[in-house]
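Sequence first, then the predicted structure, then my questions.
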Amino acid sequence: MENYHDKETAKNILTLREMLKEMPSFLRDYFRSLNDRTSSLTRLGYAYDLKIFFTFMAEEILYGKNIADITLEDMAKVEAEDIEAFMEHLSYYVSSSEKENNEGKEIKRRNKGEGKSRKLAAVRRLFRHLFMRKKIHSNPADLIEFPKLHEKPIITLEPDEISKMLDEVDSGENLTPRQKQYHESSRLRDIAIITLLLGTGIRLSECVGLDINDILFTINGMRIIRKGGDEVILYFGDEVQTALQNYLEVRETITAKEGHGNALFLSMQNKRLTGRAIQNLVKKYAPNKLKNISPHKLRSTFGTQLYAETRDIYLVANILGHEDVNTTRKHYAKMDEAARRKAANVVRLRD
C-alpha cells in the first residue's frame, strides 16, 4: 500500500486533484477506480497524458468546447479515426496549456514511438474502463494499434566495469575536487544505492520509494511497490545486505527533515533522495562515460547476469517485475544468439 504520509505521494495526490478540477467530471470515478492498483505517480502520469488527449479532442473534434465540459455523450461519439488523428497530432504540436504557464511563449512538443505508445495506453485504458462500466456503447481505442518501436540496443556493464564502478564509489578517486568534498559523507549511502541497483535489479521509482522499515534483514528482503501497485518482497544477497547495514548505521544518526523521517535514502539536505538525484549519482560513478550509464542500465545488467547464470527467463521476469515474459525475452534474446554462434564451433568434424 502507498504511504500517504510520504511528502512526494501527498504532493502527487494534491496535484492530481487540482488537475481533475479542470477536466471532465467523469474522470473522477475513473481515477478512484485506479487507487488500489496504481501508485500516485502512475495516476499523475495518466492524468497528464489524458489532458493532452482531451485538449486535442476539445480543439479538433468538438471545435472549441472547454475540456471540463466534455461529457460521456461526447466520448460515445469518438471514432477510431479520431484517435488515429490524435496519434498523428502527437508527432508535433504546440502545447496551449503550457503556453499559459510560460507567459505566452510557444511550447513545441514532439513524440516518437515510445511517447505515442504511452499516451495511447492511457487513452485505451480510459475507454476500456468506460466501456466495461457501460458508460459508452463501443470501444474505438482498442482498434488502434500501438506504434512500431525501433528497439534500442541493450547496454549493460561488463563484469570488469561493475568492479570498477564499485571501486570508484568506494574510493572516489576519479571525482572532481568539488565532488570529493562531499564524497566521504555520502560514501556509504552511495555504495548502498549502487550495490542495491546492481544486486537486485530494482527500478528507480522503487528505490526512491524505499522506507527504513521496508528493509527486512531477517529474511534478506525488502518490501517494494511494483508499477501496478502490488506490494512484493524482493530478496537480496550478502553483498547488498552488508552495504545496507553499513549505511543504516549512519542513517540512524541523521535527523531527517519533516515529512522525510521514514525515507531510507536521504539527500545532503536530509530529504528523501529524488529519482533525478539517483540518476546523477549513477552517472557520476559510471566507469564508461560513453555508455551513458543510468539506473535502468544497471537493472539490465542485473537481469543479464541473472539470466546468464540461471537460463530461466521466467525467474528473471518475475524478479524484475515484468508482467509479460516477452518483455524479458526481448531484452536477453541476443545472449541466446551469441551462445548459438559460439556453439557453431564447438563440434569439430576433424581433429
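Ah, there it is.

the strands in the chain, which residues?
Secondary structure of the chain (DSSP state E): strands located at 93-94, 108-109, 215-216, 221-225, 231-235.

Could you say which of those is packed most deeply?
strand 221-225 (a mean of 20; mean count of other Cβ atoms under 10 Å). In short, each C-beta sits where N, CA and C put it, glycine included.

Where does pLDDT dip in the stretch 1-150 of the chain?
1-6, 93-109, 149-150 (pLDDT under 70).

give me that answer again for 90
1-12, 35-42, 59-60, 63-65, 88-118, 145-150 (pLDDT under 90).

could I get the strands of the chain as TSV with distance to P153?
Shown next, in TSV, are the strands of the chain (distance: least, Cβ to Cβ, whole Å):
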stretch	distance to P153
strand 93-94	30
strand 108-109	27
strand 215-216	34
strand 221-225	28
strand 231-235	27
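
nearest to R43, of the ones you listed?
Nearest to R43, of all those, is strand 221-225, at 12.9 Å by Cβ to Cβ.

what's the spacing between F127 and E60?
Computed with Cβ to Cβ, to the nearest Å, the distance linking F127 and E60 is 17 Å.

Settle it for me: which of the two has more neighbours?
Taking other Cβ atoms under 10 Å, F127 and E60 do not tie; F127 has more neighbours (21 against 13).

residue contacts, the more buried one?
F127 makes contact with 75, 78, 136, 139-142, according to Cβ atoms under 8 Å, 6 or more residues apart in numbering.

ranking the residues you listed by neighbours, who comes first?
Going by other Cβ under 10 Å, A141 tops the contacts of F127 with 23 neighbours.

now the angle between strand 221-225 and the longest helix along the chain, please.
Longest helix of the chain, by residue count under DSSP state H: helix 177-200. Per axes from the mean of the first three to the mean of the last three Cα atoms, to 10 degrees, the angle that helix 177-200 makes with strand 221-225 is 100 degrees.

List the buried residues of helix 177-200.
183, 186-200 (16 or more other Cβ atoms under 10 Å).

out of those, which one sits closest to Y48?
For the buried residues of helix 177-200, the nearest to Y48 is L197 (26.6 Å; Cβ to Cβ).

mind listing what that closest one touches?
Here L197 is in contact with 207, 282, 295, 298-299, 302 (Cβ under 8 Å, 6+ apart).

give me the number of residues near the closest residue to A263 other than its chain neighbours?
The spatial neighbour of A263 that comes closest, neighbours along the chain excluded (Cβ to Cβ, 6 or more residues apart in numbering), is R272 at 3.7 Å. Using other Cβ under 10 Å, the number of residues around R272 comes to 23.

For R272, which residues are in contact?
6-8, 208, 256, 260, 263, 265-266.

Let me know the closest of the buried residues of helix 177-200 to G115.
L197 (25.2 Å).

can you tell me how far the closest one sits from M165?
With Cβ to Cβ as the criterion, L197 and M165 are 10 Å apart.

just K119 next, same as before
Using Cβ to Cβ, K119 is found at 35 Å from M165.

for the residue nearest the centre of the chain, what are its contacts?
Central residue of the chain (Cα atoms, centre = their mean): S205, 5.7 Å from the mean position. Neighbour list for S205: 39, 41, 227, 275 [criterion: Cβ under 8 Å, 6+ apart].

from these, which single one is nearest A47?
Nearest to A47 among the contacts of S205, with distances taken as Cβ to Cβ, is L41, at 10.7 Å.

just to revisit the earlier point, partner residues bridging the residue nearest to A263?
Applying DSSP bridges to R272 gives these bridge partners: L266.

Which pLDDT value goes with it?
On the pLDDT scale, R272 is placed at 94.

where's it relative to E258, distance?
Distance, R272 to E258, by Cβ to Cβ: 12 Å.

ok, now F53?
Shown here: F53 relative to E258, a distance of 38 Å by Cβ to Cβ.

More neighbours: these two, which one.
Higher neighbour count among F53 and E258: F53, with 21 against 9, using other Cβ under 10 Å.

In space, what's closest to the more buried one - neighbours in sequence excluded?
Spatial nearest neighbour of F53, excluding adjacent residues (Cβ to Cβ, 6+ apart): V123 at 5.3 Å.

same deal with E206?
Residue nearest to E206 in three dimensions, not counting chain neighbours: I224, with 4.4 Å by Cβ to Cβ, 6+ apart.

Likewise for K297?
Nearest one to K297, counting by Cβ to Cβ, 6+ apart, is I155 at 5.3 Å.

Equivalent analysis for D74, please.
Nearest non-adjacent residue to D74, counting by Cβ to Cβ, 6+ apart: L62, 6.2 Å away.

Would you check that my belief about the one you found contacting I70 is correct?
Yes. Counting by Cβ atoms under 8 Å, I70 is a contact partner of L62 at 6.9 Å.

ok, back up a step: show me which of the contacts of S205 are buried.
Looking at the contacts of S205 with 16+ other Cβ under 10 Å, the buried ones turn out to be 39, 41, 275.

Redo these as JSON lines? Include distance to G113.
Formatted as JSON lines, those follow (distance: Cβ to Cβ, whole Å):
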{"residue": "S39", "distance to G113": "24"}
{"residue": "L41", "distance to G113": "22"}
{"residue": "G275", "distance to G113": "23"}
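
quick check, nearest of the residues you listed to L306?
For those, the residue nearest L306 by Cβ to Cβ is G275; the value is 23.4 Å.
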